[in-house]
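Engineer: take a look and give me a structure for this.
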Amino acid sequence: MTFNWPKKNISSWFIIAILLIAGYFIWNQEALAPTDSQQIEIQPTPTPAITAEGQDCIKKGGEWKTFGLRTKEECDLPTSDAGKTCTDSSQCESGCFTDHLGATSGKCGENTVIVGCGLIFVENGKTSGGALCAD
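Structural biologist: Down below sits the predicted model:
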């Protein structure tokens, strides 16, 4: 003998089952609460101590951190010749840069650490041949 479910009542049985399950969890909040073994304690990442070299960098107005793809911390100081017209990087504290290829002069960079893409260097009064990435 087989039992035939009334087709109209299948959705009713489904709704009743969902309500019973929801009711169970509402009345038994402990069933939803994590156990001690499931609780995760989040600890803040400790801030590494700044070295004497890093402290000296910060005192000079620089930024002490890792830059680009580099793994070692470096001091990025503002340059005193930022924006000065140049024809070669040897005339600048950082580098001589321009915005367009074919330029014969550029401007000295603002910082001692050179990082980024799309950099066009001016060397010996000529651009370096293309935009470069420095990391």
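Engineer: and S105, how far is that from G95?
Structural biologist: Distance, S105 to G95, using CB to CB, to the nearest Å: 13 Å. The way it works is simple: take the backbone N, C-alpha and C, and place the C-beta from them, glycine included.
Engineer: between the two, which is the more surrounded one?
Structural biologist: Neighbour totals were compared for S105 and G95, and G95 leads with 23 against 13 (other CB atoms under 10 Å).
Engineer: show the contacting residues for the more buried one.
Structural biologist: Going by CB atoms under 8 Å, 6 or more residues apart in numbering, G95 touches S89, C108, G109, I114, L119, F121.
Engineer: so how far is C86 from the second one?
Structural biologist: It refers to C108. Plainly put, C108 is 5 Å away from C86 if you go by CB to CB.
Engineer: mutual contacts of the two, please.
Structural biologist: With CB under 8 Å, 6+ apart, C108 and C86 have common neighbours C92, C96.
Engineer: in what helix or strand does Y24 lie?
Structural biologist: Using DSSP states H and E, Y24 falls within helix 10-27.
Engineer: please enumerate the strands of this structure.
Structural biologist: Under the criterion DSSP state E, the chain contains strands at 63-65, 74-76, 85-86, 96-98, 106-108, 116-123, 126-127, 132-134.
Engineer: buried set for the longest one?
Structural biologist: Going by neighbour count (16 or more other CB atoms under 10 Å), the buried part of strand 116-123 is L119, I120, F121, V122.
Engineer: between the residues you listed, which is nearest T66?
Structural biologist: L119 (18.9 Å; CB to CB).
Engineer: what bridges to the nearest residue to A103 once chain neighbours are set aside?
Structural biologist: With CB to CB, 6 or more residues apart in numbering as the criterion, A103 has its nearest non-adjacent residue at 5.6 Å, and that residue is T127. Judged by DSSP bridges, the bridge partners of T127 are V122.
Engineer: in its sheet, what does the helix or strand bottoming out on mean pLDDT in the chain sit against?
Structural biologist: Every helix and strand of the chain was ranked by mean pLDDT, DSSP states H and E. The lowest is strand 132-134, at a mean of 75. Strand 132-134 pairs in its sheet with strand 116-123 (antiparallel), by DSSP bridges.
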